[in-house]
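In: what shape does this take:
(chains A and B)
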Number of protein chains: 2
Amino acid sequence: MFATAKIGRSLSKQAYKTEVSELRTQLLEAQLALKEKDVPVYVIIAGIEGAGKGEVVNRLDEWLDARGVNVYAFWDETDEERQRPPAWRFWRAMPGRGEIGVFFGGWYQCPMEQAFKGKWSDTDLEQYLRGVRELERMLINDDAVIVKCWYHFAEDVQRKRLKSLSRSDRSRWKMLPKKSKFSEQYARFEEVADIVVRETDIGRAPWHIIEATDGRYRDTTTGRILVTSMQHALTAPEHDERRLQDSPSGSNGDILPNSPEARVTLLDRIDLDQTIDRNDYRERLEKLQNELNELAWKAYSNKISTVLVFEGVDAAGKGGAIRRVTQAVDSRLREVIPIAAPTDEEKAHHYLWRFWRHVPRAGRMTVFDRSWYGRVLVERVEGYTSHANWARAYLEINDFEEQLTDAGVIVQKFWLQISKEEQLSRFEARQNTPYKRYKITEEDWRNRDKWDEYRDAVNEMLARTSARHAPWNLIAGNDKRFARIQVLETVVNALRERV
Amino acid sequence: MFATAKIGRSLSKQAYKTEVSELRTQLLEAQLALKEKDVPVYVIIAGIEGAGKGEVVNRLDEWLDARGVNVYAFWDETDEERQRPPAWRFWRAMPGRGEIGVFFGGWYQCPMEQAFKGKWSDTDLEQYLRGVRELERMLINDDAVIVKCWYHFAEDVQRKRLKSLSRSDRSRWKMLPKKSKFSEQYARFEEVADIVVRETDIGRAPWHIIEATDGRYRDTTTGRILVTSMQHALTAPEHDERRLQDSPSGSNGDILPNSPEARVTLLDRIDLDQTIDRNDYRERLEKLQNELNELAWKAYSNKISTVLVFEGVDAAGKGGAIRRVTQAVDSRLREVIPIAAPTDEEKAHHYLWRFWRHVPRAGRMTVFDRSWYGRVLVERVEGYTSHANWARAYLEINDFEEQLTDAGVIVQKFWLQISKEEQLSRFEARQNTPYKRYKITEEDWRNRDKWDEYRDAVNEMLARTSARHAPWNLIAGNDKRFARIQVLETVVNALRERV
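Out: As a prediction, the model looks like this:
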């Protein structure tokens, strides 16, 4: 695969000058145009040690309008990063729409290192790379341009570079072959690189292998590739078409056969009228809350994080149920994130970005009052996003939650359901209680009119996003007390099983 | 001071019920009204161990609209927090305008603990508290409401609480007196508390001492205080008037006597026509960049951070000078933050928030391409902010930079100056070079028309914000090469002195 990067290509000073002048103009024009179109660009700079990746980064910084370019090097992790799923640090650095993120090593740095040093088996490596493909596909579906450059050269070139380095320089490179085993380690590096490049060379985010023997050739080739990729994005067909073709496993809105029998759903099967006796409630509430308090402290000691997701129809009692949980958990250990309209920074990123922001660090609990499921509920029903976008979201959501649970996070999701009659009486009660009046708005009444559409969306959501590791718990909510006990019991059981 | 919290006040169940119903309505109304007015509210919950601060937090969460409330507990620091000035973690948690931040312990947790455990002397404590006063004053000047609640009770009440705690509960409290030395340590806690409360009991952010013997009394009193403070903010006089009275040492726009001689300023004294020979430039550039590269790595090892600020007239060559620095510093060690229009999250906070976000962690370098000085330059000249706001900013900026340098950060500020004629010829050159054309906009020409106003603003800025620990370096920019060498030399010297 890398033979093409061992030819000894170079560019004369004169040719370079001519080329660069034209290139810069084109790069700037493309950058401006993509900014106009709100397209985020990811440039990934990876490759063999000593190829001058840092110099390439500096060159791009010079040629592009630096005010729209952010350079990120994924190098030593902080403990905040180590305490969360591996992708968290990348989500922190994602460029916004219209910006260019230059990722030094990017998500390829860690797998290369682990495999080169023999800490990962080929299976580990391949599993990681599967995640990388998912991530890149997701970004592309969100209109991103991803340009991946792999810098390479022949063994004797690398050997020469090594000689010219001071000792302290050498120590900063983690994948530089040792002098005594040069050939062997050079070959090992290529083996790993071969897997990495091959496994992640996907159609819309292909690798570009660039010979790095000559700096001028290396830099202009990079610039040329970047220009071409950016220009291509400007003339690409409209997003929605492109996407649909790409998500065969996304929703077409009908996971259930279209017959009356099939329409009897999970939601219909909840016995909404289950109740609990008031004294019984008090007793169990106290017991459960005491246990939860202890469990939360144990989870803290054991560094096990918890993510709780609350969704439900309006007035189903989410707030009250959440409060019964948070009352029990020391406020140093938990955070409640209410999800309302996104800020403009949030809008400038993939819709999952705003949730990644709040992934808890080790041993903490984050409660989402509404969540990423808005994409397949309110955004779907109200038409706030395109069909392609919400249809694709099931996969993205499942993948996101899997990343959490893979990292050891406890994930429990609650759907709070009440009957249409119960909702009406709660709406009316809210309007008659001074300190509850703020809770009811015109929007609530409008949503109520769309009861059936929401029901269908919920049913599909439950069908497509229930997983053993991140289950949906359907909570019968007509009796608030009953619902709260159900929620607390579920949380307590989930924690008890793990801590 | 705390005698008032040892009376044994309580509230009957019946009185509580009546009180709460009214209180909740008023709290919600005030919360909504302050949201409308974009006022941020800080509620600080502090006091003696065992007073039920956690319960108060839960109660507020219940009474207020939880969707606008964020609870933050400042407890164990992460390494990202430890690697920055102490206030960084608070800036991360600041509520936006219209939101309520409930700060568990807040900036009072750490000084209380350090002093109680005897790790800090009274002088350390007082110095820290001076910083707290500055911070609170700054937030209030930015329209914030700060409500500080101190919970307290008598020694025998605390002793009783201690008995009812399990062993693991006890271990979570860091300032609970040991059984054997109870009276002594209770008294010590009060001593420290007395200093803390007294030193930070400032006019517009007073402490409220609340007896915590009885939960119902404690919670309703808190609610009442919060309502009153919020309502007061709603009827307060207009901000600008209030502020001006409060910043006697802020700018009235005339730090220099109004005579022609006094008008000869630092800016006029720069010899703009200094040049450097082209060969000489190449040689020194290479030497300085090599040295800077080594120094940056050493700073990384020694965990010394650097903040560089670049300001200057349009076309003065900031970008080129910055690039000569970043080229030399490994991209894993540095970040460039270009400052353009703020995002809406940034606008929702104090104007310094967006800069605190980017304070480097230990051993890294952050380069600001334009900076917090925008407040006293473009915002002042263009009238984007009120006179009171920019006049006050000098103090806030000096305080911010002092916090950086107190934490060991190297701070160097560069003002790049060119002559008006040189600017004209650069503007024209930009219009004639295809890949530079994007750099010149209508705005640049408009700014040029305000040359004299900017000059006055710059002169005042230089006069008011030059400090030995965070100096302004005036760079003669007519010869770009000369300017770059000056900048590099300054950075290299600053680092060499410290690492």
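In: got the domain ranges for chain A?
Out: Residue ranges for the domains of chain A, per automatic domain parsing: A:3-236, A:266-498.
In: show me where chain A dips below the pLDDT cut-off.
Out: Within chain A, the stretches falling below the threshold (pLDDT under 70) are A:237-264.
In: A:Tyr438: what's it in contact with?
Out: Contacts for A:Tyr438 (C-beta atoms under 8 Å, 6 or more residues apart in numbering or on different chains) come out as B:Leu28, B:Leu32, B:Asp65. All C-beta atoms are positioned from the backbone trio N, CA, C, and that covers glycine.
In: could you verify that it is part of a helix?
Out: Yes: per DSSP: H, G, I helix; E, B strand; the rest coil, A:Tyr438 lies within a helix segment.
In: for it, give its distance to A:Leu424.
Out: Note on A:Tyr438: its distance to A:Leu424, by C-beta to C-beta, to the nearest Å, is 19 Å.
In: for the stretch 101-250 of chain A, what lies in contact range of chain B?
Out: Within the stretch 101-250 of chain A, the residues that sit near chain B (C-beta under 8 Å from any C-beta of the partner chain) are A:Phe104, A:Ser168, A:Arg172.
In: run a quick neighbour tally on the last one.
Out: A:Arg172 is flanked by 14 other residues according to other C-beta atoms under 10 Å in any protein chain shown.
In: contacting residues for it?
Out: For A:Arg172, the set of contacting residues under the criterion of C-beta under 8 Å, 6+ apart consists of B:Trp297, B:Asp330.
In: with the second one instead?
Out: A:Ser168 is in contact with B:Glu294, B:Trp297, counting by C-beta under 8 Å, 6+ apart.
In: distance of it relative to B:Ser301?
Out: As judged by C-beta to C-beta, A:Ser168 and B:Ser301 stand 10 Å apart.
In: need the residues touching each of the two.
Out: Shared contacts of A:Ser168 and B:Ser301 (C-beta under 8 Å, 6+ apart): none.
In: sorry, back to before: now tabulate the domains of chain A in TSV and tack on distance to B:Gly408.
Out: Putting these into TSV (distance: least, C-beta to C-beta, whole Å) gives the following:
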stretch	distance to B:Gly408
domain A:3-236	18
domain A:266-498	25
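In: how about those domains, which one is nearest B:Asn478?
Out: domain A:3-236 (21.9 Å; C-beta to C-beta).
In: now find how far off-centre that closest one is within its chain.
Out: 20 Å (C-alpha atoms, centre = their mean, to the nearest Å).
In: tell me, how many residues neighbour A:Pro471?
Out: By the other C-beta under 10 Å criterion, the neighbourhood of A:Pro471 contains 15 residues.
In: with the one 3 residues further on instead?
Out: Close neighbours of A:Leu474, defined as other C-beta under 10 Å, add up to 20.
In: check which helix or strand covers it.
Out: Element membership of A:Leu474, judged by DSSP states H and E, is strand A:472-476.
In: again, but for A:Glu497
Out: The secondary structure element spanning A:Glu497 is helix A:480-498 (assigned by DSSP H and E).
In: what do you get for A:Leu416?
Out: Since the elements are taken from DSSP H and E, A:Leu416 ends up inside strand A:410-417.
In: ok, and does the helix or strand following that strand reach over to chain B?
Out: Towards the C-terminus, the helix or strand next in line after strand A:410-417, according to DSSP H and E, is helix A:420-432. No: for a cut-off given as C-beta under 8 Å from any C-beta, helix A:420-432 has no contacts with chain B; the smallest distance is 12.1 Å.
In: A:Tyr151 belongs to a helix?
Out: No: counting by three-state DSSP, A:Tyr151 falls outside a helix, being strand.
In: what's the distance between the closest residue to it other than its chain neighbours and B:Pro85?
Out: Leaving out its chain neighbours, the residue that sits closest to A:Tyr151 by C-beta to C-beta, 6 or more residues apart in numbering or on different chains is A:Gly47, at 3.2 Å. If you measure A:Gly47 against B:Pro85 using C-beta to C-beta, the figure is 37 Å.
In: settle it for me: which of the two has more neighbours?
Out: For A:Gly47 versus B:Pro85, the count of surrounding residues by other C-beta under 10 Å is larger for A:Gly47: 27 against 21.
In: got phi/psi on that one?
Out: Dihedral angles of A:Gly47 (phi, psi; degrees, to the nearest 10) stand at phi 140, psi -170.
In: pretty sure it contacts A:Gln158?
Out: No: checked against C-beta atoms under 8 Å, the pair A:Gly47 and A:Gln158 is beyond contact range at 10.9 Å.
In: near chain B, which residues of the stretch 251-400 of chain A?
Out: With C-beta under 8 Å from any C-beta as the criterion, the stretch 251-400 of chain A comes near chain B at residues A:294, A:297, A:319, A:322-323, A:326-327, A:330-332, A:335-336, A:338, A:340, A:343-345, A:361, A:369.
In: please give me every residue in contact with A:Leu234.
Out: A:Ala30, A:Ala33, A:Leu34, A:Lys37.
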